[in-house]
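[1] All I have is the shape, not the residue letters:
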Ligand SMILES: [Fe+2]
């Protein structure tokens with residue numbers, strides 16, 4: 001019998017200021033590869049099976065457009081849509097066949113209580129395995145962290161509507177999973193809604209260091225890391241990409257044994273951790289903190305809007 005729940009994270013969709021510059025960054029510095037492009041949108045794949053893990057849409061204002069998840073079947077897509085509707089969630093679009101350029105499939109879109117759009121789909125075209133042999137290139141989107149004003153409300157939405165489970169909770173974040181992977185989404189306590197960061201998994205520590213080295217060669221400083229997180233026990237290195245979004249390489253993410261797992265509480269994690277990473281080496285830079293809070297993106301959007309309004313006034 002099909003389980004009526006989300007069972008994986010596919011990717012993120014971002015609005016970006018300059019499509020070519022951003023697509024070049026993700027291909028050359030970050031290690032993704034363009035799989036398709038049309039009408040101001042580029043679809044970037046990782047080395048794993050997923051058709052694409054990142055969609056870039058050129059727009060005057062940069063920001064998070066959507067997060068894409070998988071469901072196990074079309075029946076599950078219909079079931080999740082019916083459940084979301086019955087529970088009073090805002091449906092953006094009902095179940096439909098999806099465009100071939102983005103890998104096709106069947107899906108619907110729903111908004112979280114704080115207005116972030118989630119696309120949930122089944123039957124999207126997958127790539128064959130073993131396309132790349134470079135450990136520094138991401139294999140998949142590991143997780144996305146959302147800034148949210150009301151963590152309880154958002155967490156309950158992911159759990160009650162989409163079938164996620166709570167893995168860990170700290171003073172700053174709740175981590176929720178949709179498979180045995182430690183977390184696909186984390187919800188960060190913040191002033192308002194936004195994308196805190198996205199994380200791409202590389203195969204191992206060597207890949208993470210090589211990826212960080214490639215970024216350094218392209219002129220990007222590590223904003224936080226290399227370190228190891230508490231919840232998830234994953235290695236990390238964080239960067240600010242050209243639009244102002246925060247992007248992370250991660251490796252060695254924990255898998256959860258459903259029979260044995262005990263949810264880590266904020267008190268538990270406060271005792272376990274002695275600083276912001278397990279190694280005790282890495283603090284996020286002030287710039288990275290600002291980028292995670294959405295401040296850099298806000299400043300660039302504001303600057304962009306001022307340029308546009310000046311151009312319109314002088315036209
Ligand atoms: Fe992360």
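    Cool, got the structure. All of these numbers come straight from a predicted model, not from anything done at the bench.
[2] and the end-to-end length of stretch 89-101?
    28 Å (CA to CA, to the nearest Å).
[3] Tell me the buried residues in it?
    Buried positions in stretch 89-101, judged by neighbour count with 16 or more other CB atoms under 10 Å: 89, 95, 98. For every residue, glycine as well, the C-beta is placed using N, CA and C.
[4] restrict the residues you listed to contacts with the ion.
    Among the buried residues of stretch 89-101, proximity to the ion is found for none (CB under 5 Å from the ion).
[5] Just send those residues back as TSV, with secondary structure and pLDDT too.
    Formatted as TSV, the buried residues of stretch 89-101 follow (DSSP: H, G, I helix; E, B strand; the rest coil; pLDDT from 0 to 100):
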residue	secondary structure	pLDDT
89	coil	98
95	strand	98
98	coil	97
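[6] just the residues you listed now: which is nearest residue 165?
    Closest to residue 165 out of those is residue 89 (18.9 Å), distances taken as CB to CB.
[7] Regarding the closest residue to that closest one other than its chain neighbours, what is its secondary structure?
    Take residue 89 and drop its neighbours on the chain: the residue closest to it by CB to CB, 6 or more residues apart in numbering is residue 110, 5.2 Å away. Under DSSP: H, G, I helix; E, B strand; the rest coil, residue 110 falls in the strand class.
[8] what are the bridge partners for residue 110, then?
    Beta-bridge partners recorded for residue 110 (DSSP bridges): residue 91, residue 118.
[9] Could you measure from it over to the ion?
    24 Å (CB to the ion, to the nearest Å).
[10] Secondary structure element holding the closest residue to the ion within the stretch 151-300 of the chain?
    The nearest approach of the stretch 151-300 of the chain to the ion comes at residue 199, 4.1 Å away (CB to the ion). Take DSSP states H and E as the rule and residue 199 turns out to sit in strand 194-201.
[11] quick revisit: output the buried residues of stretch 89-101 in TSV, with distance to residue 313 appended to each entry.
    Output for the buried residues of stretch 89-101, formatted as TSV (distance: CB to CB, whole Å):
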residue	distance to residue 313
89	41
95	45
98	41
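[12] Between those residues, which sits nearest residue 191?
    Set against residue 191, the nearest of those by CB to CB is residue 89 (23.3 Å).
[13] Close to the ion: what parts of the stretch 101-250 of the chain are there?
    So the stretch 101-250 of the chain meets the ion at 199, 248 (CB under 5 Å from the ion).
[14] Would you map the strands across the stretch 101-250 of the chain?
    Taking DSSP state E, counting those that start in this stretch to define them, one finds strands in the stretch 101-250 of the chain at 106-111, 117-122, 140-148, 165-169, 173-177, 185-189, 194-201, 224-228, 235-240, 246-251.
[15] can you list these in CSV and add mean pLDDT, distance to residue 44 and mean neighbour count?
    Below are these laid out as CSV (pLDDT from 0 to 100; distance: least, CB to CB, whole Å; neighbours: other CB atoms under 10 Å):
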stretch, mean pLDDT, distance to residue 44, mean neighbour count
strand 106-111, 98, 19, 21
strand 117-122, 98, 16, 22
strand 140-148, 98, 10, 24
strand 165-169, 97, 28, 21
strand 173-177, 97, 24, 24
strand 185-189, 97, 20, 22
strand 194-201, 97, 10, 23
strand 224-228, 95, 22, 21
strand 235-240, 98, 16, 24
strand 246-251, 98, 12, 25
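[16] circling back to that earlier point, could you list every helix and strand in contact with the strand holding residue 199?
    strand 8-16, strand 63-70, strand 140-148, strand 246-251 (3 or more CB pairs under 8 Å, 6 or more residues apart in numbering; DSSP states H and E).
[17] so which of these comes closest to residue 36?
    Closest among the helices and strands packed on strand 194-201, once you apply CB to CB, is strand 8-16, at 13.0 Å.
[18] what mean pLDDT does that closest one have?
    Averaged over strand 8-16, pLDDT sits at 98.
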